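[1] Fold the following.
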Amino acid sequence: MLVVLGFGMIAVFMYLIMSKRLTPIAALIIVPIVFGLIAGGGLDLGDSVLDSIKKVTPTAALLFFAIIFFGMMIDVGMFDPLIRLILRFVGHARSS
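    Below is the predicted model of the structure:
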């Protein structure tokens, strides 16, 4: 049952975003709450959300750091030599 609800939540989320009925932030807030209530979360839904946020926070901080760090490294050209080497190795195909 939870698998069906999970796939349904993803489908509804994608539909709402792609049809521009909700902004991504609003959909990320509203859709999981509605599906949590459908799944029977009831009054415990708030506590579950807080527990989940506490568990995910370290991973989110690490992901945020990685995005900032690697974005900065790409901007300063750190990976350019590696990219040139790979393109030389695979044979740089020129598009017409």
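[2] and the protein, what are its domains?
    According to automatic domain parsing, the chain is divided into the following domains: 1-40, 46-96.
[3] now those domains in JSON lines, with mean neighbour count?
    Quick note: C-beta positions are derived from backbone N, CA and C, even for glycine. JSON lines is the format used below for those (neighbours: other CB atoms under 10 Å):
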{"stretch": "domain 1-40", "mean neighbour count": "13"}
{"stretch": "domain 46-96", "mean neighbour count": "10"}
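[4] Which helix runs longest in this structure?
    With residue count as the measure and DSSP state H as the assignment, the chain has helix 45-75 as its longest helix.
[5] now the domains of the chain as a markdown table including mean pLDDT?
    Below are the domains of the chain laid out as a markdown table (pLDDT from 0 to 100):
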| stretch | mean pLDDT |
| --- | --- |
| domain 1-40 | 92 |
| domain 46-96 | 89 |
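[6] I'd like the next helix or strand past the longest helix of the chain.
    If you walk from helix 45-75 toward the C-terminus, the next helix or strand you reach (DSSP states H and E) is helix 80-90.
[7] Please save the CA atoms from that next one in PDB.
    What follows is helix 80-90 as a C-alpha-only set of coordinates in PDB (Å, rounded to 0.1, in the frame of the first residue of the first chain):
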ATOM      1  CA  ASP A  80      39.200  21.700 -17.400                       C
ATOM      2  CA  PRO A  81      42.400  19.700 -17.700                       C
ATOM      3  CA  LEU A  82      40.600  16.500 -16.900                       C
ATOM      4  CA  ILE A  83      37.900  17.200 -19.300                       C
ATOM      5  CA  ARG A  84      40.400  18.000 -22.100                       C
ATOM      6  CA  LEU A  85      42.200  14.700 -21.300                       C
ATOM      7  CA  ILE A  86      38.900  12.700 -21.500                       C
ATOM      8  CA  LEU A  87      37.900  14.400 -24.800                       C
ATOM      9  CA  ARG A  88      41.400  13.700 -26.300                       C
ATOM     10  CA  PHE A  89      41.000  10.000 -25.200                       C
ATOM     11  CA  VAL A  90      37.500   9.500 -26.600                       C
END
